[in-house]
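Undergrad: Just a sequence and a predicted model for now, questions to come.
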Amino acid sequence: MITILNDDFSQLNSFLHEKSFSRIFILVDENTHEYCLPVLLGNMETDLGFEILEIEAGEEMKNIQTANQLWEILTEMQADRKALVINLGGGVITDMGGFIASTYKRGIQFINIPTTLLSMCDASIGGKTGIDLMHYKNMVGTFAFPEQIFIYPKFLETLPFKELRSGFAEMLKHGLIADKAHWESLIQIHKLDVEAVVPHIQTSMDIKQDVVEKDFHERNIRKTLNFGHTIGHSVESLCLSQGNPILHGEAVAMGMICEAHLAFLENLISEEEAASVIENIQRYYPYLDISDFTDESITALLMNDKKNTDSKINFSLLTGIGSCTYDHQCSQENILKSLYFYRK
Ligand code: NAD
Ligand code: ZN
């Protein structure tokens, strides 16, 4: 269940009172410690003891070493199965916190309080948790639902612009795959800022939630959420492996451009539709230089995509603005053409 918090966090406090947790662990990174934790602690009313678990900020921390450290701290602090983990942060924190909570002692309860646009509209919803392995994104993880998701849009006020823009990519994606009206209202935004995006968060969350409810285990329609992510994840992984991480949403924006063109090459959408999608995405995102990456390095990663079956790369591609198909297998030639299209 998703709740938008009032300024006094009363719904969170009711939740904490109703449930009988033994104690509370709040997982933060250095930035959410500084900007968001004081707001949470200033409003949280509980007689329970709580501990702060802090990790460094960044995707580089979303790995098994960090998970191991957190499991060890929980063990040393004798967290029992009635402990609650509160994940206060962006997608790295909600993915990591959900992962360690859902595996520690075979699973303890957790809630998500997302603090980035990306985690509000996407990462905190849907019950996917996980960590990266080597330079592969989200290779190890669980399906596990938070007890609750609490959204406090004012947390966005301290979020750097690039992070806001990164989250906006997932909102655009939600419109493109499922709701033309949402896409059209998003592309009316000329100046991307907190004030402009906040009124659209609810619709974006609802789209994600709706898709997940229809297909929790990603057997069919949930795969549409991977639009832009097949090529996007490969480029994101390559950048990470070279020590130059880019933001998830930046990779997804690039991936959506390639995959919109790919949908056109595969005769799923018209050239005009593809051009309109691409032009609008380009209005918000600067060109990503992928000239260092060879076709082979990108396709090698595409071949390892979790969505693949029978050694074939499965794409989720637009069939219109507001509709999307999945498990679409493209010709190798068209995949390379879409990368070439982006490079030029
Ligand atoms: P993030 O968690 O790294 O947060 C981005 C940056 O913003 C960090 O430096 C963080 O410290 C900082 N920050 C967070 N909240 C802040 C605030 N209110 N004010 C100031 N700074 C703040 O990244 P993200 O973009 O939120 O999430 C990306 C991650 O989410 C990726 O690992 C991606 O794989 C994952 N993801 C998961 C799912 C899923 O379904 N589980 C979906 C999409 C993305
Ligand atoms: Zn994503």
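TA: Noted; the coordinates are in hand. Numbers count the residues shown, from 1 in each chain. Ligands and ions are numbered 1, 2, ... in the order given.
Undergrad: Tell me the secondary structure at the residue lying closest to Thr230 once chain neighbours are set aside.
TA: Ranked by Cβ to Cβ, 6 or more residues apart in numbering and with sequence neighbours excluded, the top spatial neighbour of Thr230 is Phe315, at 5.3 Å. No exception for glycine: its C-beta is placed from N, CA and C like everyone else's. Secondary structure state of Phe315, per DSSP: H, G, I helix; E, B strand; the rest coil, is strand.
Undergrad: Tell me if I'm right that Phe315 and Ala260 touch.
TA: No. Using Cβ atoms under 8 Å as the test, Phe315 is too far from Ala260 to be in contact (11.3 Å).
Undergrad: Give me the next element, helix or strand, following the longest helix seen in the chain.
TA: In the chain, assigned by DSSP state H, the helix with the most residues is helix 194-214. Using DSSP states H and E, the helix or strand that follows helix 194-214 in sequence is helix 229-241.
Undergrad: give the contact list for the residue nearest to Thr230.
TA: Applying Cβ atoms under 8 Å, 6 or more residues apart in numbering to Phe315 gives the contacts Thr230, Glu259, Leu262, Tyr326, His328, Gln329, Cys330.
Undergrad: Mark which of those residues are buried, thanks.
TA: Taking 16 or more other Cβ atoms under 10 Å as the criterion, what is buried in the contacts of Phe315 is Thr230, Glu259, Leu262, Tyr326, His328, Cys330.
Undergrad: Give me the secondary structure label for the residue with the largest distance to the centre of the chain.
TA: Most distant from the centre of the chain: Asp47, at 32.8 Å, with distances by Cα atoms, centre = their mean. Here Asp47 takes the coil state, with states given by three-state DSSP.
Undergrad: Would you mind measuring from it to Glu184?
TA: Spatial separation of Asp47 from Glu184 under the definition Cβ to Cβ, to the nearest Å is 49 Å.
Undergrad: do the same with Ser316
TA: Using Cβ to Cβ, one gets 21 Å for the distance from Ser316 to Glu184.
Undergrad: These two: which has the busier surroundings?
TA: When Ser316 and Glu184 are compared for neighbours, Ser316 comes out ahead with 24 against 13, by other Cβ atoms under 10 Å.
Undergrad: Need the per-residue pLDDT for the more buried one.
TA: Confidence per residue is given as pLDDT, and for Ser316 that number is 97.
Undergrad: Reduced to three states, what does the closest residue to Glu60 other than its chain neighbours come out as?
TA: Counting by Cβ to Cβ, 6+ apart, the nearest residue to Glu60 once its immediate chain neighbours are dropped is Pro245, at 6.7 Å. Here Pro245 takes the coil state, with states given by three-state DSSP.
Undergrad: Run a quick neighbour tally on Pro245.
TA: Applying other Cβ under 10 Å, we find 16 residues neighbouring Pro245.
Undergrad: does Lys208 really touch Cys121, like I thought?
TA: Yes. With contact defined as Cβ under 8 Å, Lys208 reaches Cys121; the gap is 6.6 Å.
Undergrad: which residues are common contacts for those two?
TA: Shared contacts of Lys208 and Cys121, defined by Cβ under 8 Å, 6+ apart, are found at His174.
Undergrad: which of those two has more neighbours?
TA: Between Lys208 and Cys121, counting by other Cβ under 10 Å, Cys121 is the more crowded of the two (28 against 24).
Undergrad: Spell out which residues of the stretch 51-200 of the chain are next to ligand 1.
TA: Taking Cβ under 6 Å from any ligand atom as the contact definition, the stretch 51-200 of the chain meets ligand 1 at 57-59, 62, 89-93, 95, 115-116, 118-119, 122-123, 126, 128, 137-138, 155, 158-159, 163, 166.
Undergrad: how does it look with 5 Å?
TA: Applying Cβ under 5 Å from any ligand atom, one finds that the stretch 51-200 of the chain approaches ligand 1 through 57, 90-92, 115-116, 118-119, 122-123, 126, 128, 155, 158-159, 163.
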